[in-house]
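Asker: return atomic coordinates for the entry below.
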Amino acid sequence: MPIYEVTKDKFLEIEETSFSTAGISERGDLQRLLRNQIEIISPDTLIIAEEFGEWEDSRRHIDLLGIDKNANLVVIELKRTDDGGHMDLQALRYAAMISTMTFDKAVQVFGEHLSKSNSDEDAERNLLEFLEWDERDNENFAQDVRVVLVSAEFSKEITSTVLWLKDYGLDIRCVRMRPYNDNGRTLVDVEQVIPLPEASEYQVSVSAKIRKERSLRVQNRDLTKYDVTVFGNSLKRLAKRTAIFYVVKNLCNSGVSPEKINGLIYWKSNLFLQADGIQNSNDFIRIITGQRKVDHPRWYCDDGELIHFDGKTYAFHKMWGSRWGTAMNLLKDNFPDAKIDFWANSEDVK
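Answerer: Predicted structure coming up:
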C-alpha cells in the first residue's frame with residue numbers, strides 16, 4: 001500500500017524506492033541501526049551478538065542474535081532485497097545450529113559483543129537483569145528458538161513456508177521494512193506481515209497447545225511471598241531472598257557467626273562477602289571491589305543491610321535458586337532457640 005502526504009488540497013503519494021537506490025546497505029546501515037533499536041522489529045529483545053558464527057565447519061553468520069524475556073534465543077535475519085531471497089531456509093539452519101547454546105555460552109558471547117561495542121558493562125549481570133532472574137538457570141534457558149525475518153518484501157515462497165512452519169508451532173514472523181523517498185528523505189514503513197496483528201489470535205490458536213506447554217515450562221517460576229518469624233518477630237509477604245536474609249541477619253545479631261551459617265549452607269561457597277573492620281556501605285564496596293572483581297549488587301551491601309560480627313563486616317548473597325527451602329529448613333532445624341518458622345502467605349496460596 002502506498003503512503004500519502006495529506007495537503008490542503010489533496011493526497012500526495014510518496015514515491016516508493018529501494019534500499020539500494022537510497023544508498024542504504026544491508027550490514028553497514030540496516031543491521032547497525034536495528035542493533036541499537038531492535039524494539040522496532042522485535043520488542044522485549046536483548047541483542048547479545050552481531051554476525052554470530054561460532055560453530056564448526058561453517059562460514060555462515062547470524063545477522064543479529066537476541067534473547068527474549070522468556071529466555072528464548074531470537075535469530076534475526078535481514079535482507080534489503082524485494083523478495084527476501086532464501087532467508088527462511090537460512091534462518092532455520094541458524095536456529096537449529098544455535099539451539100544448544102547454554103547460559104554460560106550466552107554470557108561469553110554477550111560479553112564479547114559488549115567489548116566490541118566499547119562497553120565495560122557486566123554481561124552476566126545485564127542478562128540476568130533483563131531476564132529478571134536471581135541466578136543463572138541452564139535448565140530454563142533457550143528452551144525454544146524464535147525467528148524474525150526482516151526484508152523490504154517477501155516472496156510467496158517465503159510467506160507460504162513461514163505460514164506452514166507456524167502451523168507446526170515454530171515462532172517465526174516476517175517484518176516488512178519498505179523504504180520511501182520523500183524529497184530526498186528516506187522514510188521506512190515497518191509492518192509485521194506474518195502473523196498479521198489483526199489475525200494473530202486466530203493464527204496463534206493453530207498451535208496454541210504446543211506453545212502453552214512450552215510457556216508453562218519456561219515461566220513456571222515460584223514467585224510466592226512468605227511470612228517469616230524469628231526470635232518472636234514476624235514479617236509478612238517477603239520475597240525468598242528477603243526472607244532468608246531476615247533470618248540470617250537476626251541469627252548473626254544474636255551471636256551466630258557467618259562462618260557457621262555458611263558451613264550449613266555448604267553448596268553456596270560465596271554466601272558472604274567479608275571485609276576487616278566495621279565498615280559503612282561505601283567503604284565496604286570499595287574494599288571488596290578492590291580485592292577482586294565483584295558484582296556487589298548481588299549482595300546486601302547497603303547501610304542497614306551489612307552484618308557486623310567479631311570486628312568484621314559481611315554482606316549476604318541475594319541470589320537463590322531451587323534450594324532456598326532446603327537452606328531455610330537447615331537454619332530452622334539447627335537453631336531451635338531462634339524459633340524460626342516460615343510459610344507461604346495466604347494471599348499466594350491457591
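
Asker: which elements pack onto whichever strand or helix holds Y246?
Answerer: Counting by DSSP states H and E, the element that carries Y246 is helix 240-253. Counting contacts by 3 or more C-beta pairs under 8 Å, 6 or more residues apart in numbering; DSSP states H and E, helix 240-253 is packed against strand 226-230, strand 233-238, helix 258-264, strand 307-309, strand 312-316, helix 324-334. Just so you know, the C-beta spots here come from the backbone N, C-alpha and C atoms, and that holds for glycine as well.

Asker: R173: which of those is closest?
Answerer: helix 324-334 (37.2 Å; C-beta to C-beta).

Asker: flag every buried residue along that closest one.
Answerer: W324, A327, M328, L331, K332 (16 or more other C-beta atoms under 10 Å).

Asker: who touches the helix or strand just after it?
Answerer: Following helix 324-334 in sequence order, the next helix or strand is strand 341-344 (DSSP H and E). Contacting residues not belonging to strand 341-344 are listed as T224, K225, Y226, D227, V228, T229, A243, V247, M328, K332 [C-beta atoms under 8 Å, 6 or more residues apart in numbering].

Asker: including pLDDT, could those residues go into TSV?
Answerer: TSV is the format used below for the contacts of strand 341-344 (pLDDT from 0 to 100):
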residue	pLDDT
T224	85
K225	91
Y226	94
D227	94
V228	95
T229	96
A243	95
V247	96
M328	94
K332	95
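
Asker: which one of those has the most neighbours?
Answerer: The most crowded member of these, judged by other C-beta atoms under 10 Å, is V247 (25 neighbours).

Asker: residues in contact with that residue?
Answerer: Going by C-beta under 8 Å, 6+ apart, the list of residues near V247 reads V228, V230, M328, L331, A338, I340, F342.

Asker: cool, A243 as well?
Answerer: Going by C-beta under 8 Å, 6+ apart, the list of residues near A243 reads Y226, V228, L235, M328, F342.

Asker: let's see it at 10 Å
Answerer: K225, Y226, D227, V228, V230, L235, R237, W320, W324, M328, F342 (C-beta atoms under 10 Å, 6 or more residues apart in numbering).

Asker: which one of those sits closest to L34?
Answerer: W320 (36.4 Å).

Asker: sounds good, over and out.
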